[in-house]
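A.B. asks: can't give you the sequence, but here's the structure:
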């Protein structure tokens, strides 16, 4: 006797028709009478605030920014050596372009080897991705008095895009040395600023100094923080005690206290003939402070790695240091991306604290220009502080967007 298998009729999935903006607004904003009143009230408040803000921006006197733009951007850099910051800008444009193109080419090769589709990044997507920075560049260029900065900026953007596409076509053997190319270009940018009679970082100021303290602090503090996190989990009591003591001591002190201690205490510790400059002391203090916070962020990532993976690595014969390098750290650092970027954003804003020690960074420049005779007593603090706030917002928002993009690519928070 033959039994026929039952036949099930497949019901096609119900696809909800696409809704337009009016349907979305009717469903989410005007679905009942009190939501409609609340929507109208908030809309009126937003329109009033935007109108007041736009009116203030249009009627403000921006001559104070136009006359002191160089102080805001690069501090008191000598006027006869302004070619040096532009040379450093072009070096960084080449570096970011080549590194970005090499990373894109690596992703393309991995996708092709895995048989997965690869979507090439277009110029339109790059513009959408970095529109805050491009908008800020346009705002800054609107305050220039000659066409030269605009032409040089356009040239830097063209060089950066050309370097990006160059990085995409580099052979794989060359792309393995991309990190070396980046190091060489960073060194070239510093030499262009400080070498052969230039201006070292002791003479930098404005936004240039904020960026230097942020990126130098991140790059140097990260390995120290990683070592402190590993030391806190060490099985050796001496190393663990020293790591815990350092982390808890530094995290219990405000950054401003560490900066003041670095400005004056380092002078007593180091001999006079090798005593570093003021900016170097600030950088040392920032590195010491950030290393403790990075250590705690990394420690949280290390604790998020399941213990079973470590035991499995030991079962197959991996040495402890190989287990940490190949199994634990990649997963731990991947899980710490949101907290780590948040710490970097906080550092970018905290670099303004060096102003209390007389260093003219971007925020301090807003007060310096208002003390000039031509603008004294005119109440232009709103204009200068708004300009500084815009710059900091663009930097922080761009880092936040790139962090979320990296989280999506690495699948942070997903199993």
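C.D. replies: Yep, that arrived. The structure presented is a predicted model; accordingly, all values stated were derived computationally and were not measured. Numbering: from 1, shown residues only.
A.B. asks: CA atoms for contacts and neighbours, from now on please.
C.D. replies: Noted.
A.B. asks: any low-confidence regions in the protein?
C.D. replies: Low-confidence segments of the chain (pLDDT under 70): 1-19, 411-415.
A.B. asks: for it, which segments count as strands?
C.D. replies: Applying DSSP state E to the chain gives no strands.
A.B. asks: domain-wise, how is it divided?
C.D. replies: Per automatic domain parsing, the domain ranges recorded for the chain read 79-198, 199-415.
A.B. asks: scan this structure for its longest helix.
C.D. replies: The longest helix of the chain (DSSP state H) is helix 83-114.
A.B. asks: name the helices or strands packed onto that one?
C.D. replies: Contact analysis of helix 83-114 by 3 or more Cα pairs under 8 Å, 6 or more residues apart in numbering; DSSP states H and E lists helix 148-169, helix 178-194 as its packing neighbours.
A.B. asks: list the buried residues in that helix.
C.D. replies: 84-106, 108 (16 or more other Cα atoms under 10 Å).
A.B. asks: make CSV out of the domains of the chain and add distance to residue 66.
C.D. replies: Listed next are the domains of the chain as CSV, based on distance: least, Cα to Cα, whole Å:
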stretch, distance to residue 66
domain 79-198, 5
domain 199-415, 11
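A.B. asks: of those, which approaches residue 71 most closely?
C.D. replies: Of all these, domain 199-415 sits nearest to residue 71, with 6.0 Å by Cα to Cα.
A.B. asks: distance from the closest one to the middle of the chain?
C.D. replies: With Cα atoms, centre = their mean, to the nearest Å as the basis, the distance from the averaged C-alpha position of domain 199-415 to the chain average is 11 Å.
A.B. asks: likewise stretch 44-64?
C.D. replies: Relative to the centre of its chain, stretch 44-64 is centred 29 Å away, using Cα atoms, centre = their mean.
A.B. asks: not counting its own residues, what contacts it?
C.D. replies: The set of residues that contact stretch 44-64 without belonging to it, under Cα atoms under 8 Å, 6 or more residues apart in numbering, is 369, 375, 380, 383-384.
A.B. asks: among those residues, which ones are buried?
C.D. replies: When burial is judged by neighbour count using 16+ other Cα under 10 Å, the buried members of those are 369, 380, 383-384.
A.B. asks: now render the residues you listed as CSV, adding distance to residue 290.
C.D. replies: Formatted as CSV, those follow (distance: Cα to Cα, whole Å):
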residue, distance to residue 290
369, 31
380, 34
383, 32
384, 29
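A.B. asks: just flag the most distant two among those residues.
C.D. replies: Top of the distance list for the buried ones among the contacts of stretch 44-64 (Cα to Cα): 369 and 383, 11.1 Å.
A.B. asks: quick one, helices of the stretch 1-150 of the chain?
C.D. replies: Using DSSP state H, counting those that start in this stretch, the helices assigned to the stretch 1-150 of the chain run over residues 21-28, 33-59, 63-67, 69-74, 83-114, 123-129, 131-141, 148-169.
A.B. asks: out of those, flag the one nearest residue 255.
C.D. replies: With respect to residue 255, and counting by Cα to Cα, the nearest of these is helix 69-74 at 23.7 Å.
A.B. asks: packing partners of the closest one?
C.D. replies: In terms of contact count using 3+ Cα pairs under 8 Å, 6+ apart, helix 69-74 is assigned the packing partners helix 206-232, helix 362-370.
A.B. asks: if we can go back for a sec, can you redo the helices of the stretch 1-150 of the chain as JSON lines with distance to residue 316?
C.D. replies: JSON lines is the format used below for the helices of the stretch 1-150 of the chain (distance: least, Cα to Cα, whole Å):
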{"stretch": "helix 21-28", "distance to residue 316": "55"}
{"stretch": "helix 33-59", "distance to residue 316": "61"}
{"stretch": "helix 63-67", "distance to residue 316": "64"}
{"stretch": "helix 69-74", "distance to residue 316": "55"}
{"stretch": "helix 83-114", "distance to residue 316": "27"}
{"stretch": "helix 123-129", "distance to residue 316": "44"}
{"stretch": "helix 131-141", "distance to residue 316": "49"}
{"stretch": "helix 148-169", "distance to residue 316": "38"}
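A.B. asks: so of those helices, which one's packed in deepest?
C.D. replies: Stretch with highest mean neighbour count among the helices of the stretch 1-150 of the chain: helix 69-74 (a mean of 21; mean count of other Cα atoms under 10 Å).
A.B. asks: pull the residues that contact it.
C.D. replies: 76-77, 143-144, 204-209, 361-362, 365-366.
A.B. asks: kindly report the same for stretch 329-338.
C.D. replies: Under the contact criterion Cα under 8 Å, 6+ apart, stretch 329-338 has outside partners 297-298, 300-305, 403-404, 407, 410, 412-413.
A.B. asks: the stretch 301-415 of the chain: helices as residue ranges?
C.D. replies: The residue ranges that make up the helices of the stretch 301-415 of the chain, judged by DSSP H, counting those that start in this stretch, are 307-315, 320-323, 329-335, 337-350, 362-370, 381-410.
A.B. asks: so which bits of the last one are buried?
C.D. replies: Taking 16+ other Cα under 10 Å as the basis for neighbour counts, the residues of helix 381-410 that come out buried are 381, 383-385, 387-388, 391-392, 394-396, 398-400, 403, 407.
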